[in-house]
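Undergrad: my questions concern the predicted model and sequence given below.
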Amino acid sequence: MGSRSASSSTSPTRGGRTPSSGAASTRKPSAASSGTSGSAWTSTASRSSSPDFVGLRKNSLEDYFFSCRMPYSEPRSLVLELTEHKRLRSSSLLSLEMVAVELVQKLASVISKLVPANREKEVLCEENKQLRWKIENLDAEAIADLEGEVKELNLALMDKQREIEELKKYEEEGEEMVKALEELDVENKELKTQIGQMATKCCDTTHLRCTAKRR
């Protein structure tokens, strides 16, 4: 996989919470942008905000070719679908490439948010330690003020920890999606080889028939 770039971390405001950046958003490619007629991409409204993932349903290849579709339903899945078209759909290769690019972009986005989130967590922990040290060395009035700040920092720390756990979950799912796409790409190359062999065989058969008719 490519290098993981991390965006610059933002320091949390004192006594405040750093806004959550949320999960990485995904883009729904349309039939027009993918260069297909619409049959290669099937879109329906998603009924859940649950994370995307890719699952493969493998069938026997036999003599059939395949087309890739990304149905936007629950759960989202990349379906390897066999058709009886008896020909390679050019839209299949384009669709596979678009899905791969989208998943890699999503994984990179999650990683870029995970690194600064961990840094912000470390900053909050350090501030917490410093305030606790001050509490042990100050009078009752100062202690009451600092305890309020510690409580706010603890809440911010808990929010940041939840955000980090969510990002780690998306990162693991993203790695599984990329691995699944790599396996699908291998199958795609094998199918292209089979297509070339069948095309050559078809041309040879046609040539023999034409030669026989001339005789």
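TA: The structure has been received and is ready for your questions.
Undergrad: pretty sure Leu131 is touching Gly148, no?
TA: No: shown here, Leu131 and Gly148 do not form a contact pair, counting by CB atoms under 8 Å, at 10.1 Å. From N, CA and C alone the C-beta is placed, and that goes for glycine too.
Undergrad: between the two, who's got more neighbours?
TA: Comparing Leu131 with Gly148 by other CB atoms under 10 Å, the one with more neighbours is Leu131, at 14 against 11.
Undergrad: what helix or strand is that one located in?
TA: helix 90-136 (DSSP states H and E).
Undergrad: what packs against that helix?
TA: On a contact count with 3 or more CB pairs under 8 Å, 6 or more residues apart in numbering; DSSP states H and E, helix 90-136 meets helix 31-34, strand 65-69, helix 140-214.
Undergrad: for this structure, what are the low-confidence residue spans?
TA: Along the chain, segments meeting pLDDT under 70 span 1-100, 138-140, 204-215.
Undergrad: now the helix holding Leu131 and helix 140-214, what's the angle there?
TA: Counting by axes from the mean of the first three to the mean of the last three CA atoms, to 10 degrees, helix 90-136 lies at 170 degrees to helix 140-214.
Undergrad: once you drop chain neighbours, what's closest to Leu103?
TA: Spatial nearest neighbour of Leu103, chain neighbours left out: Met177 (4.6 Å); criterion: CB to CB, 6 or more residues apart in numbering.
Undergrad: and for that neighbour, the neighbour number?
TA: Neighbours of Met177 using other CB under 10 Å come to 22.
Undergrad: could you number the chain from 5 rather than 1 from now on?
TA: OK, 5 is where the count begins now, so the last one is Met181.
Undergrad: still on that earlier bit, and the helices and strands packed on helix 94-140 as JSON lines, adding distance to Leu107?
TA: Shown next, in JSON lines, are the helices and strands packed on helix 94-140 (distance: least, CB to CB, whole Å):
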{"stretch": "helix 35-38", "distance to Leu107": "15"}
{"stretch": "strand 69-73", "distance to Leu107": "13"}
{"stretch": "helix 144-218", "distance to Leu107": "5"}
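Undergrad: and among these, the most buried is which?
TA: Highest mean neighbour count of those: strand 69-73, a mean of 21 (counted as mean count of other CB atoms under 10 Å).
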